[in-house]
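**Q** Here is the input, now give the coordinates:
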Amino acid sequence: MAEFKNRVTYRGQPVTLEGEQEVKEGDVAPDFTVYKGLNASDAVHLSDVKGNVVVLSVSPSVDTKVCAIQLRTFNKQATEMGPGVKVWYVSLDLPFALNRFSAAEGIHNVSVLSDYKDREFARKYGVYMKELGLLARSTFVLDRDGKVVFREIVPEMTHEPDYDAALEAVRKAL
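**A** Okay, here's the model as predicted:
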């Protein structure tokens, strides 16, 4: 596992990102498996949405203020993106916590998905925060061919991502 040191902070303290690689703009997005529930039949793969523009909205935990804002904001923006765009919210939260939050908040435009089981997304995208055991707040936009056309690893985990830049990347990818 490679380490990408001092790339982000949490409350001003440097955090080490770990993973097999750093996924950057221009890379073909690695396929991965995440879960919408606790059963093997609840597995979802990036390859399942091949041919669509995909937004991967990544956060530490939906049970924090900034992460909740992030999910609500992308849920609202998803209505503007159109049917050829899939928005996935990925965290290490357990599926029932994500589903509880989504039901309570009326999240219908974003697929809430958990990387809890294998941390495959975390490894393949290099966004696992070693010291915190959580995913780093980040956004990836993939074009219809699965190429990364936008990547943001938020420098300070307590800050929100750049929603406008992500939405602009989606528009250009359509």
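**Q** For stretch 78-96, which residues meet the burial criterion?
**A** Using 16 or more other Cβ atoms under 10 Å as the burial criterion, the residues of stretch 78-96 that qualify are 78, 81, 85-93, 95. (C-beta placed from N, C-alpha, C; glycine too.)
**Q** Could you find the lowest-pLDDT member of those?
**A** Note: of those, the lowest pLDDT belongs to M81, at 90.
**Q** all helices for this protein, in order.
**A** Under the criterion DSSP state H, the chain contains helices at 65-81, 95-105, 120-125, 163-173.
**Q** Now do the phi/psi pair for the residue nearest to S91 when sequence neighbours are not counted.
**A** Sequence neighbours aside, S59 is the residue nearest to S91 in space, at 5.2 Å (criterion: Cβ to Cβ, 6 or more residues apart in numbering). With angles defined as degrees, to the nearest 10, S59 sits at phi -150, psi 160.
**Q** same question, P161
**A** phi -70, psi 170.
**Q** Look up which residues are beta-bridged to the nearest residue to it once chain neighbours are set aside.
**A** Once flanking residues are discounted, P161 sits nearest to T139: 4.8 Å by Cβ to Cβ, 6+ apart. Beta-bridge partners for T139, by DSSP bridges, are S57, E152.
**Q** what's the neighbour count on T139?
**A** Residues near T139, counting by other Cβ atoms under 10 Å, number 22.
**Q** Next up, the contacts around it.
**A** Contact partners of T139, counting by Cβ atoms under 8 Å, 6 or more residues apart in numbering, are 55-58, 150-152, 161-162, 166.
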